[in-house]
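Q: structure of the sequence below:
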Amino acid sequence: MRGLPAVAFHLFERGAEQHILSVGEAEVPVSVIIVFDESGSMGRGVTQCAQAVKQFLKGSTEGDEFALISFSDRVALESDFTADAGAIQARLMGAASHGRTALLDAVEWAASLVRRAHNQRRVILVLSDGGDNRSRYRETEVRRLLLETPAQVYAVSIA
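A: Reported below is the predicted structural model:
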């Protein structure tokens with residue numbers, strides 16, 4: 001919530017409460033990797049997801065950067081980190097569903113790519129119907145890797 005005073009927060013260090021002098025709000029640039037499912041199981045959801053990403057990118061602010069990974073049978077880096085949200089949007093306008101689903105492989109690639117991000121705040125945004133029937137990586141491997149990844153991971157399930 002915006003506008004909360006410092007007294008609304010409690011900070012503990014090694015069990016001892018610390019005094020908070022001030023609380024501030026600031027727009028912090030973010031590096032976002034969009035992991036986009038183009039597999040056959042997505043069907044018409046691919047178009048809906050592309051439109052959702054377009055709306056998401058409209059909210060970008062100065063300093064934000066984006067990368068795009070798409071996947072179906074194979075994983076592809078469609079765009080390395082760029083501040084050009086329009087380039088990401090343009091690539092997604094041609095998205096079509098096809099093939100099987102290598103979801104875990106795509107997430108693994110994103111977890112590796114996020115280390116090259118320029119901003120301290122890092123996000124992996126996964127847009128998928130959640131199925132996987134093509135990956136070489138296993139869920140336990142990817143989960144372990146994500147725990148070591150300096151990013152927040154958000155998964156949006158498309159039904």
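
Q: distance check, residue 101 against residue 74.
A: Going from residue 101 to residue 74 by Cβ to Cβ, to the nearest Å gives 11 Å. C-beta here means a position set from N, CA and C on the backbone, and glycine is covered the same way.

Q: for the chain, give me the ranges with low pLDDT.
A: For the chain, the stretches with pLDDT under 70 are 1.

Q: repeat that for 90
A: Judged by pLDDT under 90, the chain has its weakly predicted residues at 1-15, 19-27, 94, 158-159.

Q: where along it do the helices fall?
A: Assigned by DSSP state H, the chain shows helices spanning 45-58, 85-92, 103-113, 139-147.

Q: residue 101 and residue 74: which has the busier surroundings?
A: residue 101 (24 against 12; other Cβ atoms under 10 Å).

Q: now the more buried one: closest residue in space that isn't a chain neighbour?
A: Of all residues beyond its chain neighbours, the one nearest residue 101 is residue 39 (4.0 Å), with distances taken as Cβ to Cβ, 6 or more residues apart in numbering.

Q: kindly report the same for residue 104.
A: Residue 104's closest residue in space is residue 135 (Cβ to Cβ, 6+ apart), at 3.8 Å.

Q: need the contact list for the one you found.
A: The contact partners of residue 135, by Cβ atoms under 8 Å, 6 or more residues apart in numbering, come to 101, 102, 103, 104, 105.

Q: okay if I get those as JSON lines plus distance to residue 94?
A: Shown next, in JSON lines, are the contacts of residue 135 (distance: Cβ to Cβ, whole Å):
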{"residue": "101", "distance to residue 94": "19"}
{"residue": "102", "distance to residue 94": "20"}
{"residue": "103", "distance to residue 94": "21"}
{"residue": "104", "distance to residue 94": "25"}
{"residue": "105", "distance to residue 94": "22"}
